[in-house]
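Asks: what would the 3D arrangement of this be:
(chains A, B and C)
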Amino acid sequence: MNGKIPTEDSPAEARSPAVVRSPSVVCSSNVVRFRDLQIEMAHGAGGKASRRLVEGLFAPLLCPGSHEPLNDAARVEMNGITIAFTTDSFVVKPLRFPGGSIGELAVNGTMNDLAVSGARASAMVVTFVLEEGLPTTILEAEVRAMSEALQRAGVTMAGGDTKVVERGKADGMYITTAGIGSPLPGVKVDARSVRPGDKVLLSGPIGDHGITILLARGELDLEADLYSDTRSVLPLVEALAAECSPGIRWMRDPTRGGLATSLNELARDCGLGIELHEEEIPIHDAVRGACELLGLDPLHIANEGQFIVIVSAEYADAALNALHQTPGGEEAMIIGQVKEEPANAVLVTTRYGGTRIVDMLVGDPLPRIC
Amino acid sequence: MRFVDEFRDPELITRASEEIRRLADPARHYRIMEVCGGHTHAIYRFGLKDILPSNIELIHGPGCPVCVLPMGRIDDGLAIARDPNTIFVAFGDMMRVPGAHGSPFEHKARGIDVRIVYSPADALELARKNPEKEVIFFAIGFETTAPSTALTIMSARAHDIRNFSVFCNHVTIVPAIRAILDSPDMRLDGFIGPGHVSTVIGCRPYEWIARNEGKPVVTSGFEPLDLLQSIVMLLRQLHAGEARVENQYKRAVPWEGNRAALKAMAEVFELRPYFEWRGLGFISQSALRLREKYAGWDAEQRYSVPETRVADPKSAQCGEVLKGVLKPAQCKLFGKECTPEHPIGALMVSSEGSCAAYYNYEYRKSLVTRIDLATSSVA
Amino acid sequence: MCLAIPGKIVDIAAGQNLVGTVEVTGVRRKVQLGLLEDDMPKIGDWVLIHVGFAMSRISEQDAAEQMRLLTALGETEQAMEEVRGYGLENDIANGAGRDGPTQWSGKSHA
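Replies: Now for the predicted structure:
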């Protein structure tokens, strides 16, 4: 059953989180467990509040009785053929930012959801919700950006829909894309197949996208030479599939909520612990500087062009090598491993033996002064 | 990062922790309080407890300006902001702190214009750019932040920006330390002194702790090596039977403080006769308000403030945790009704609050390794 | 209480407004310099920044001295271990090793 559900609007870039459930939670049919009285920004931030909404309201009513942990894309069987199926919505302010724009996110994001579920995107549909008064030049620029991204990836846009809402709503435009794809042969992505001893690989530096957006919104008066990392990760996934498909256990693209949120979701889904080595996690200097200045944790910052792969120990070196040999994968690193303890949690260790638990994001990452 | 990375050097950290192990008398149990919430955060963030011997216990002090703010003040600030013509502006730290009727973010969801700034100067700029709106800046912080608020208010006056006012919740650190030492339950051997507050007030204000209470104080920086070096210095004093104020953070803290900053504070602020601190009760001469000369920029003068008084739920033990009497995990609500997602008290939602720090960095680790949360060897 | 980080002054605005630009590993921000009016930094100096205001100047000299002390930690003990082998303990106990590093009681500006 497809786990992707569109979210409400939010001021910064948002994507609906994957619906994930820990193995111990059984989805009892029709029982709504969501107790919050109103929807807040936190529900779209990709962290705990989002998870509560999806698990407590959407899942019980829309997919009652489903017991599987849900991934970034679903597998649907039709007439004996398995296809991958996913959707995502894109809400970002500003619409254009260094390194990309909402249109590119809309194409790359859905492609990446399919890619990390082990599928190659073949076609998409798109819906636009446009704000009355949006200049056509802006809309055209986004549609061109989408067209270029589709062409680069060899994916067809099969159709779409448009609605216009009154001035003051939709922050210019909201875009939703849904995509179908064909599963890559030999690739199985399942949190339940993760074992202690498996390695955690990261495709490249974290935090570029989220910090770029934060700076582009201009409220914090920071400047840096930073760009969103939005791109299709399919070539990297295909390289892994070609070299070490038997070793691939699980993949995810850490978008809203960052690396910490995705790995916490995995930890709960497989009931194991993830240990990360802080020194091995690649991060650009400017991202690090912005995070230190604002008191943000890079592990909670959104990425749009990176993915995590859990790979068996025997295939780890081959996997890393495959990424390094592929354009765009040069900065990939092995950043940790799976362990029995601490179960259901993510532990970060420093070079000198200090440790800390890193949890899922609660709401949006907030700059702090204290 | 310069002046940061070198103070995180793993080899030197190992050396410092070995020196601590060498110095710590195995027959003694040391209770050291770090006053400052920023130090609490750093201790957890860098996992420093893992490299300290188990007979050195770090107690978290009340130096978290968000944590000591009584709930009613948040309600008061938000009450002023209810007018559709106002913009409520605060630091990110405040956004999820619960008032009796919700946090600033929850108010935002209900339609109040609530915005985050990184600097009080940005709040003033917001007022300048939105002349038709009234900007109310919710000022918090100890003496580290008060001078910046002061300069901003002086700038508002100098540039005649009238649609800007400050709801002032600045507090001072020394009365808080005094309250801790006056507490009968508290037994401490020494203090890791505030780092950034000291850049403003200098090191002299802590001399009475050494002189009258006989406890050593070392003002410390925030990197792992700073904290470890401070502990080395405290241990050396304790073994020599000394009690002095020392400045570990020399590269940033002048012994005499920052005269210009103190002057700005004195120009704009005066001490309130008393102020209610969450968990510590009413303390006299412990908080700042704007002087009469600046009444035009004082939100409490310009608007009618309900003076909400909200008691913490009886079961919440914020006060005792603030004073270091209880460990976060010993509060009855910890981890159950009170979590970072559904905080009852500010200690759980402020990034420096002991409960949040403990919950986010340690709690789940300890659950797994099944350490007894009630004993003093943890947290 | 206080997230403050070191940044380098890369620009100072002309005129009366004590404002500059500070850089932290490639990130730049406007910084208010009014609190340092008694001891204004120059371009290239390092300052401690909190809520967009420069709080104090960072003394490179004190930082270097601190690194020296940290590096020496444990070395006195090591040196003493070596020297014990020479049977000179009493001499050492009365002189060089005992006081350890110098006491700090104040800060000197660079």
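Asks: quick one: low-confidence ranges for chain C?
Replies: Residue ranges of chain C with pLDDT under 70: C:1, C:76-110.
Asks: what sits against the closest residue to chain A within chain C?
Replies: Across chain C, the shortest distance to chain A (CB to the nearest CB) belongs to C:Thr25, at 3.4 Å. The way it works is simple: take the backbone N, C-alpha and C, and place the C-beta from them, glycine included. Taking CB atoms under 8 Å, 6 or more residues apart in numbering or on different chains, we find C:Thr25 in contact with A:285-286, A:288-289, A:292, B:1.
Asks: columns secondary structure and neighbour count on top of the residues you listed, output as a markdown table?
Replies: Shown next, in a markdown table, are the contacts of C:Thr25 (DSSP: H, G, I helix; E, B strand; the rest coil; neighbours: other CB atoms under 10 Å in any protein chain shown):
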| residue | secondary structure | neighbour count |
| --- | --- | --- |
| A:Asp285 | helix | 16 |
| A:Ala286 | helix | 24 |
| A:Arg288 | helix | 21 |
| A:Gly289 | helix | 25 |
| A:Glu292 | helix | 19 |
| B:Met1 | coil | 16 |
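Asks: what does stretch B:228-237 rub up against?
Replies: With CB under 8 Å, 6+ apart as the test, stretch B:228-237 has contacts from B:13, B:16-17, B:19-20, B:23-24, B:30, B:32, B:48, B:51-52, B:56, B:189-190, B:192, B:216, B:218-221, B:243-244, B:246, B:248, C:66, C:69-70, C:73, C:100, C:104.
Asks: of those, just the buried ones, ChimeraX syntax please.
Replies: To isolate the buried ones among the contacts of stretch B:228-237 in ChimeraX, judged by 16 or more other CB atoms under 10 Å in any protein chain shown, type:
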select /B:13,16,17,19,20,23,24,30,32,48,51,52,56,189,190,192,216,218,219,220,221,243,244,246,248 /C:66,69,70,73,104
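Asks: among the contacts of stretch B:228-237, which ones lie close to chain A?
Replies: By CB under 8 Å from any CB of the partner chain, the members of the contacts of stretch B:228-237 lying near chain A are B:13, B:17, B:48, B:51.
Asks: burial count for the one residue in the stretch 151-300 of chain B that gets nearest to chain C?
Replies: Of all residues in the stretch 151-300 of chain B, the one sitting closest to chain C is B:His196 (3.6 Å; CB to the nearest CB). Applying other CB atoms under 10 Å in any protein chain shown, we find 29 residues neighbouring B:His196.
Asks: show me what contacts it?
Replies: Counting by CB under 8 Å, 6+ apart, B:His196 touches B:36, B:38, B:144, B:222, B:252, C:1-2, C:4, C:48, C:50, C:55.
Asks: and for B:Ser354?
Replies: Counted by CB under 8 Å, 6+ apart, B:Ser354 has contacts B:40, B:60, B:64, B:67, B:321-322, B:328, B:347.
Asks: now intersect the residues you listed with the strands, please.
Replies: Using DSSP state E, the subset of the contacts of B:Ser354 located in strands is B:His60.
Asks: by neighbours, which of the contacts of B:Ser354 wins?
Replies: B:Leu347 (34 neighbours).
Asks: ok, for it, nearest residue in space, not its chain neighbours?
Replies: Spatial nearest neighbour of B:Leu347, chain neighbours left out: B:Gly353 (3.6 Å); criterion: CB to CB, 6 or more residues apart in numbering or on different chains.
Asks: so what pLDDT did that neighbour get?
Replies: Note for B:Gly353: predicted pLDDT of 82.
Asks: do the same with A:Ser24
Replies: At A:Ser24, the pLDDT value in this model is 38.
Asks: from the contacts of B:Ser354, which two are the most distant?
Replies: B:Cys64 and B:Pro328 (12.5 Å; CB to CB).
Asks: what touches both of the two?
Replies: Joint contacts of B:Cys64 and B:Pro328 (CB under 8 Å, 6+ apart) are B:347, B:354.
Asks: from the ones next to chain A among the contacts of stretch B:228-237, which single one is nearest chain A?
Replies: Taking CB to the nearest CB as the measure, B:Ile13 is the one of these closest to chain A, at 4.3 Å.
Asks: mind pulling up the phi and psi values for the closest one?
Replies: Backbone torsions of B:Ile13, given as degrees, to the nearest 10, read phi -60, psi -40.
Asks: over to the one 10 residues further on?
Replies: Backbone dihedrals for B:Leu23, given as degrees, to the nearest 10, come out at phi -80, psi -30.
Asks: I'd say it and B:Asn55 touch.
Replies: No - under the criterion of CB atoms under 8 Å, B:Leu23 makes no contact with B:Asn55, lying 11.2 Å away.
Asks: quick one: the strands in the stretch 51-200 of chain B?
Replies: Per DSSP state E, counting those that start in this stretch, the stretch 51-200 of chain B carries strands over the ranges B:56-63, B:86-90, B:114-116, B:134-141, B:164-170, B:190-193.
Asks: typo on my end, it should be chain C
Replies: Ranges of strands within chain C are C:5-12, C:19-24, C:27-32, C:46-50, C:53-57, based on DSSP E.
Asks: so which of these is the most packed in?
Replies: For these, average neighbour numbers computed from mean count of other CB atoms under 10 Å in any protein chain shown are highest in strand C:53-57, which has a mean of 26.
Asks: and the angle for that one with strand C:46-50?
Replies: Counting by axes from the mean of the first three to the mean of the last three CA atoms, to 10 degrees, strand C:53-57 lies at 140 degrees to strand C:46-50.
Asks: the residue of the stretch 1-150 of chain B found nearest chain A: what's it in contact with?
Replies: As assessed by CB to the nearest CB, chain A sits closest to B:Gly47 within the stretch 1-150 of chain B, at 2.4 Å. B:Gly47 sits next to A:349-350, A:353-356, B:361 when contact means CB under 8 Å, 6+ apart.
Asks: in PyMOL, select just the buried ones from the residues you listed.
Replies: Here is the PyMOL selection string for the buried members of the contacts of B:Gly47, based on 16+ other CB under 10 Å:
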select buried, (chain A and resi 349+350+354+355+356) or (chain B and resi 361)
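Asks: min pLDDT across the contacts of B:Gly47, which one?
Replies: B:Tyr361 (74).
Asks: does the longest helix along chain C reach chain B?
Replies: Longest helix in chain C by number of residues, with DSSP state H as the criterion: helix C:60-72. Yes - with CB under 8 Å from any CB as the measure, helix C:60-72 is seen reaching chain B through C:60, C:62-63, C:65-67, C:69-71.
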